[in-house]
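Peer 1: Got a predicted structure here, sequence first:
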Amino acid sequence: MIDIRSVSVERDGKPILAEVTAQLDQRRIAVIGANGSGKSTFARLLNGLASPTVGTVTIDGFDPSRQAREVRARVGFVFTNPDAQIVMPTVGEDVAFSLRGKGLTRSEINARTSEVLHEYGLADFVDLPAHDLSGGQKQLLALCSVLVARPSILVADEPTTLLDARNTRLVADILMDLPQQLVVVTHDLALAARCDVALLFDGGRLLQHGDPAAAIDRYERELV
Amino acid sequence: MKAGRGGRLSRLTGLYVPGRSILHRAPASVKVVGLLCVTLAASVPPPNWWLLCSLGGLVLGMFLVTRLAGRLVIQLWAMRWMLVVVLIPQLVFLAWPVAVATTGRIVIAITAASLVTLTTRTSELLSVFERALMPLRWMGVNPVRVSLVLAMTIRTVPVIADRAEQVREAQQARGRYSLRAFVVPLLVGSIRHADELADALAARGVED
């Protein structure tokens, strides 16, 4: 359960988010709005990459600012640019990196790495340098590296922005089929329409929270 | 699914190439110790031609055994200008046997090192470094962090090279060439990449 109460975020005295309140227990949540509307800051609040200036955020009862370890064990985060997320030189090593320090044996780490790479069609690339993957494959790798840690919530910040149409669809389909609770920040309104609920942001304010079709309609009418 | 780009940069950086040779299967620690021994033996003054030829033959033989001879050619071609820069001043100021022997030592050390990285996964090499750095913990050195920095350095080389290529292409597209206009966006992009990487590490729980 994601619980956000009266959250405001300021950076250098400038308001980024203002008085946002939302309780989110739906499985697939879209966050839409124009550039600079506060969407990404909202997403970053959910695993402690940003902290509220005022108000409280709790994830399953944990505060991301003060209990980052507990929250990050529950909340996986996928960034827009996979190149900025892939840490290790090869595909298998990057996925395995997410399991370091979790008390698993080497064989357990190898098994889980192999399992997730198989599931998302990257098993043949386990020893390949991550740099040699295509954009879509890199985003899949970034996703695998998050999912291998088995988070209960996945936050994806514009995961399809840098992808071509085919890979956008591939990544969107994968995200929609995940068993985890998904919070996806997106400019792809078709992806937002497939979610259970949508949050529409404008100028740091939460304008609408509810049915995706209604939020998209308002976004297109008033803000585009 | 096919892999994306051709991996020209990966061939140059000497990253791990999967295989089943005796060197691939050898423990990383043994290979690192072997590399140290070869490099030290090659460095022993005065130049001993028999020793240098034997070490050169050993390294060449291992490239053949591991079926990575093609990579050896690529590596030698990639460092041709560096070798010219090293060799020519020595030929001017020193006797030719000393100049050739010194350059040969460098070639042996670099190719032996690339043989190790080509046959060993980065994670295995980093585990060796982590173990080797353990005695320094009392001085406040964190072996895990040091090995993570090394891994990220290896990973970041192709990312920065890509960015440099983008800046160069942007200059070409505008028909303007300037060192400052190349360095500044590359530096800004690299700093931004470092920021993003820090966020990604935090999101993956590394700072906890």
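Peer 2: That came in fine, so what should we check first?

Peer 1: what about the helix or strand hosting B:Cys37, near chain A?
Peer 2: B:Cys37 belongs to helix B:28-43 when assigned by DSSP states H and E. No - figure legend: helix B:28-43 not in contact with chain A (C-beta under 8 Å from any C-beta of the partner chain); closest approach 13.2 Å. C-beta here means a position set from N, CA and C on the backbone, and glycine is covered the same way.

Peer 1: ok, now stretch B:65-80?
Peer 2: No - with C-beta under 8 Å from any C-beta as the criterion, chain A is not reached by stretch B:65-80; the gap is at least 13.5 Å.

Peer 1: Export that stretch to PDB, keeping only CA atoms.
Peer 2: Only the C-alpha atoms of stretch B:65-80 are listed here, as PDB (Å, rounded to 0.1, in the frame of the first residue of the first chain):
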ATOM      1  CA  VAL B  65      45.000 -22.500 -26.900                       C
ATOM      2  CA  THR B  66      42.100 -20.300 -25.900                       C
ATOM      3  CA  ARG B  67      41.200 -19.600 -29.600                       C
ATOM      4  CA  LEU B  68      41.600 -15.900 -29.000                       C
ATOM      5  CA  ALA B  69      44.400 -15.300 -31.500                       C
ATOM      6  CA  GLY B  70      42.100 -12.900 -33.400                       C
ATOM      7  CA  ARG B  71      41.700 -10.800 -30.300                       C
ATOM      8  CA  LEU B  72      45.500 -10.700 -30.000                       C
ATOM      9  CA  VAL B  73      45.800  -9.200 -33.500                       C
ATOM     10  CA  ILE B  74      43.100  -6.600 -32.600                       C
ATOM     11  CA  GLN B  75      44.800  -5.700 -29.400                       C
ATOM     12  CA  LEU B  76      48.200  -5.300 -31.100                       C
ATOM     13  CA  TRP B  77      46.700  -3.200 -33.900                       C
ATOM     14  CA  ALA B  78      44.900  -1.000 -31.300                       C
ATOM     15  CA  MET B  79      48.200  -0.300 -29.500                       C
ATOM     16  CA  ARG B  80      50.400   0.200 -32.600                       C
END
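
Peer 1: Walk me through the domains of chain B.
Peer 2: Domain assignment for chain B by automatic domain parsing gives B:8-120, B:143-203.

Peer 1: how about CSV for these, with mean pLDDT and mean neighbour count added?
Peer 2: Shown next, in CSV, are the domains of chain B (pLDDT from 0 to 100; neighbours: other C-beta atoms under 10 Å in any protein chain shown):
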stretch, mean pLDDT, mean neighbour count
domain B:8-120, 88, 16
domain B:143-203, 86, 15
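
Peer 1: so which of those gets nearest A:Arg11?
Peer 2: With C-beta to C-beta as the measure, domain B:143-203 is the member of the domains of chain B nearest A:Arg11 (14.0 Å).

Peer 1: related to what we said a few turns ago, of all the domains of chain B, which lies closest to A:Leu191?
Peer 2: With C-beta to C-beta as the criterion, A:Leu191 lies closest to domain B:143-203 of the domains of chain B, at 21.1 Å.

Peer 1: Does the closest one reach chain A?
Peer 2: Yes - counting by C-beta under 8 Å from any C-beta, chain A is contacted by domain B:143-203 at B:148, B:151-152, B:154-155, B:158-159, B:162, B:193, B:196-197, B:199-203.

Peer 1: Quick one: name whatever helix or strand follows the longest helix seen in chain B.
Peer 2: Using DSSP state H to define each element, chain B has its longest helix at helix B:143-174. Using DSSP H and E, the next helix or strand after helix B:143-174 towards the C-terminus is helix B:179-203.

Peer 1: can you give me the helices for chain A?
Peer 2: Under DSSP H, chain A gives helices at A:39-45, A:68-74, A:91-97, A:106-119, A:135-147, A:165-177, A:189-193, A:212-218.

Peer 1: Please render these as CSV that adds mean neighbour count and distance to chain B to the earlier fields.
Peer 2: Converted to CSV, the helices of chain A look like this (neighbours: other C-beta atoms under 10 Å in any protein chain shown; distance: least, C-beta to the nearest C-beta, whole Å):
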stretch, mean neighbour count, distance to chain B
helix A:39-45, 23, 8
helix A:68-74, 19, 4
helix A:91-97, 26, 5
helix A:106-119, 16, 10
helix A:135-147, 24, 6
helix A:165-177, 16, 10
helix A:189-193, 19, 21
helix A:212-218, 17, 26
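
Peer 1: quick one, what contacts A:Glu93?
Peer 2: Residues in contact with A:Glu93 (C-beta atoms under 8 Å, 6 or more residues apart in numbering or on different chains) are B:121-123, B:151.

Peer 1: Which members of those are the farthest-apart pair?
Peer 2: Between any two of those (C-beta to C-beta), the greatest distance is 10.9 Å, for B:Arg121 and B:Ala151.

Peer 1: Now A:Ser51. Its backbone dihedrals?
Peer 2: With angles defined as degrees, to the nearest 10, A:Ser51 sits at phi -120, psi 140.

Peer 1: Chain B versus the closest residue to it other than its chain neighbours, what's the distance?
Peer 2: Leaving aside its chain neighbours, A:Ser51 sits nearest to A:Ser65 (4.5 Å; criterion: C-beta to C-beta, 6 or more residues apart in numbering or on different chains). Going from A:Ser65 to chain B by C-beta to the nearest C-beta, to the nearest Å gives 12 Å.

Peer 1: Brilliant, that's me finished.
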